[in-house]
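Visitor: Everything below, folded, please.
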Amino acid sequence: MARKIKKEKRKLTRKVALIGFRGIGKSTLARELAALFSADFFSLDEEIEKEAGQRIDDIVNSEGWEGFRAREKKMLLQFAEKQQSFILDTGGGVVEGEDAEKIDALRKNFFCIYLYAPDEEIFSRLKASKKNRSRPDLPGGDAGLQEILERRKPLYRKVAHAMVDVSDCSAREAAARIVKLMKP
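Guide: Purely as a prediction, here's the structure:
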């Protein structure tokens, strides 16, 4: 007679923020983790859009990146104040700027997981994915993307409490890696 394997109950005991470059899979992985932990998850970009009543590319077109980053900081600080545990899918540029308050809010209030892959993998994913209508283009084409990625890498590492390579696995496998990281 086959024995049933008891499924391990998982409980999210802290706020988790997924950080990393656009196209790395933060949104997909946030949904996967939320399902595994039966936890809430939020997309920082989607919450900004809801509050503004417009898409991010429209915000950037009317207010510039500086205006968008101010909205992003305000929303991040609101999430940092929440007491319950949840998964937060951040935008790829959440680490941008010389804003110590924003970086401190991430480091002190969230378990930050930097999702990374080799540059070629990231650019391949970006080219293969459909253009997200809400996501504004970053300046400078491929060369500009490379420059932005190189600028952000040390910032992601500075903010991260843990790093997970997602280049060689599915979202489900990446979520399993994160679950292992988070075990006490």
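
Visitor: Show me the helices in this structure, by range?
Guide: Counting by DSSP state H, the chain has helices at residues 26-37, 44-52, 56-81, 100-109, 119-128, 141-159, 171-182.

Visitor: any idea which of those helices scores lowest on pLDDT?
Guide: When the helices of the chain are ranked by mean pLDDT, helix 119-128 comes last with a mean of 83.

Visitor: got the angle for it vs helix 141-159?
Guide: Here the directions of helix 119-128 and helix 141-159 differ by 120 degrees (axes from the mean of the first three to the mean of the last three CA atoms, to 10 degrees).

Visitor: related to what we said a few turns ago, nearest approach to residue 13 belongs to which of the helices of the chain?
Guide: Each of the helices of the chain has some distance to residue 13 by CB to CB; the shortest is helix 171-182, at 8.1 Å. Yep, even glycine has a C-beta here, placed from its N, CA and C like the rest.

Visitor: other SSEs contacting the closest one?
Guide: Contacts defined by 3 or more CB pairs under 8 Å, 6 or more residues apart in numbering; DSSP states H and E place helix 171-182 against helix 26-37, strand 111-116, strand 162-165.

Visitor: Next, the buried residues of the last one.
Guide: By 16 or more other CB atoms under 10 Å, the buried positions in strand 162-165 come out as residue 164.

Visitor: what does the longest one give?
Guide: When neighbours are counted by 16+ other CB under 10 Å, the buried residues of helix 26-37 are found to be 26-34, 36-37.

Visitor: ok, these vs residue 91, which is closest?
Guide: For the buried residues of helix 26-37, the nearest to residue 91 is residue 26 (8.5 Å; CB to CB).
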